[in-house]
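Trainee: Everything below, folded, please.
(one chain, ligands or ions: 2)
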Amino acid sequence: MDTKWIKTNEIRKADYDNALKEAAALIRRGELVAFPTETVYGLGGNAFDASAAEKIYDAKGRPSDNPLIVHISHIDMMDDLVLELTPVCRRLAFEFWPGPLTMILPKSDKIPAAITGGLDTVAVRMPGHGVALDFIDEVQLPIAAPSANLSGKPSPTEGEHVYHDLNGRVAMILDSGPVEIGIESTIIDLSRPEPVILRPGRITFDDIKPFVPRLRGRYAITAADRERPKAPGMKYKHYAPDGKMFYLPEGEKAVSAIREAKGKTALLLSNERWQTLKDEVSPDLLCVLGSAEHLEEIGHNLFHAFRECDKEKAEVIFIEAFPDSGFGEALMNRIEKATHKE
Ligand code: TXA
Ligand code: MG
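Mentor: Numbers count the residues shown, from 1 in each chain. Ligands and ions are numbered 1, 2, ... in the order given. Predicted coordinates:
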């Protein structure tokens with residue numbers, strides 16, 4: 001299959017409108033289109049079409065019981081997706097949509113089981129990105145989309161990453177450059193009496209808590225939850241770089257750890273930390289992720305840096321540990337999953 005790669009920021013309005021029309025026609029025909037969101041790029045197909053789900057799993061090389069997130073551009077689209085638009089869901093939608101929050105609710109019969117991995121719930125979100133909203137508006141259908149990476153690669157934060165992973169496997173890529181956040185959406189499960197956050201993201205526990213009085217504590221995921229494919233990293237192997245990733249030791253110990261590492265060595269850290277090390281060490285690959293004062297900046301650059309490690313065939317990777325409060329919780333969740341486990 002030829003992949004059409006459209007750079008939405010570099011074309012005129014009329015060409016943009018035409019590209020969206022073409023993208024919508026592809027979706028209605030059962031094809032796949034990759035599109036930007038504010039978190040990461042998505043690999044989209046018609047959420048009412050079971051065979052589109054199969055195509056998505058095929059393209060990604062992902063197990064077909066890992067459920068997909070359904071993307072909407074208008075709250076009215078919820079009526080066809082969920083059994084009931086609960087007051088809590090309404091309230092969260094009002095506060096945070098369009099934005100990086102995914103809500104899980106009991107699903108309607110219109111959503112095929114292939115989309116939800118056989119679960120009786122569906123994950124929905126309204127992305128906060130102009131191109132995503134224009135695209136969904138044009139299709140007039142909810143769009144099922146996982147992150148647009150090959151299984152085993154980090155979520156794509158740039159059109160280039162999507163092209164690298166899915167060229168020849170997707171009909172069209174709508175590329176609007178680097179995304180804003182770079183870490184996947186927060187997922188909250190509202191289908192239980194006591195809602196729980198299954199995946200931390202830019203919208204934090206403290207952001208949500210005031211609107212969900214019965215929200216369970218952040219580490220409330222039970223052993224039973226782990227048996228079901230509820231959220232990334234629970235049942236399926238999460239992304240980890242090809243090389244072994246370790247936390248950068250505190251203080252002076254970092255210098256000897258880096259100097260003694262065997263093989264091609266990469267260093268992923270804040271600018272502040274790099275300033276304390278730069279006269280002492282010379283790693284083969286250096287990724288300064290941003291200022292430690294702005295964890296959003298670190299999150300924005302994280303997945304790109306992971307990809308650089310693989311591209312440069314780094315064998316030993318040291319990454320700084322950041323404070324895990326606020327947005328740091330989402331950041332450290334992704335870093336922790338990528339670190340080497342014996
Ligand atoms: O930011 C994001 O959420 C991006 C963009 C494209 O929207 N999407 C994304 O999709 O990260 P994905 O497929 O890589 O991760 C979504 C996760 C799945 O791994 C799945 O475990 C969980 O959401 N999920 C989806 N539906 C679910 C459901 N009904 N119950 C529990 N977990 C669900
Ligand atoms: Mg993913």
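Trainee: Compute the number of surrounding residues for Leu285.
Mentor: If you count neighbours by other C-beta atoms under 10 Å, Leu285 ends up with 18. The way it works is simple: take the backbone N, C-alpha and C, and place the C-beta from them, glycine included.
Trainee: How about the one 5 residues further on?
Mentor: When counting by other C-beta under 10 Å, one arrives at 18 neighbours for Gly290.
Trainee: Which positions are bridged to it in the beta structure?
Mentor: Counting by DSSP bridges, Gly290 forms beta bridges with Ser270.
Trainee: is it true that it touches His300?
Mentor: Yes: the criterion here is C-beta atoms under 8 Å, and Gly290 meets it with His300 at 7.0 Å.
Trainee: Which positions in the stretch 1-150 of the chain make contact with ligand 1?
Mentor: 37, 39-40, 42, 66-69, 102, 104, 116, 119, 121-123, 125, 127, 145-147 (C-beta under 6 Å from any ligand atom).
Trainee: If we use 5 Å, what do you get?
Mentor: Within the stretch 1-150 of the chain, the residues that sit near ligand 1 (C-beta under 5 Å from any ligand atom) are Thr37, Thr39, Gly42, Pro67, Ile69, Ile104, Leu119, Thr121, Ala123, Pro146, Ser147.
Trainee: show me the contacts for the fifth one.
Mentor: Right, Ile69. Going by C-beta atoms under 8 Å, 6 or more residues apart in numbering, Ile69 touches Gly42, Thr102, Ala123, Val124, Arg125, Ala144, Ala145, Pro146, Ser185.
Trainee: Which ones among these lie within strands?
Mentor: Gly42, Thr102, Ala123, Val124, Arg125, Ala144, Ala145 (DSSP state E).
Trainee: for Pro210, phi and psi?
Mentor: Main-chain torsions, Pro210, degrees, to the nearest 10: phi -60, psi -20.
Trainee: related to what we said a few turns ago, so which of the ones in strands among the contacts of Ile69 is the closest to Asp279?
Mentor: Using C-beta to C-beta, Gly42 comes nearest to Asp279 of the ones in strands among the contacts of Ile69, at 42.9 Å.
Trainee: and the gap between Asn301 and His294?
Mentor: According to C-beta to C-beta, to the nearest Å, Asn301 and His294 sit 11 Å apart.
Trainee: so how many other residues sit close to the residue nearest to Asp206 when sequence neighbours are not counted?
Mentor: In space, and not counting its chain neighbours, Asp206 is closest to Gly326: 7.5 Å by C-beta to C-beta, 6 or more residues apart in numbering. Per other C-beta under 10 Å, the neighbour tally for Gly326 reads 15.
Trainee: repeat for the one 5 residues further on
Mentor: A count of neighbours around Leu331, defined by other C-beta under 10 Å, yields 25.
Trainee: What lies in contact with the helix or strand containing it?
Mentor: Following DSSP states H and E, the helix or strand that holds Leu331 is helix 327-338. Residues outside helix 327-338 that contact it (C-beta under 8 Å, 6+ apart): 183, 186, 199-202, 204-205, 218, 233, 238-241, 245, 295-296, 298-299, 302-303, 306, 319, 321-322, 324.
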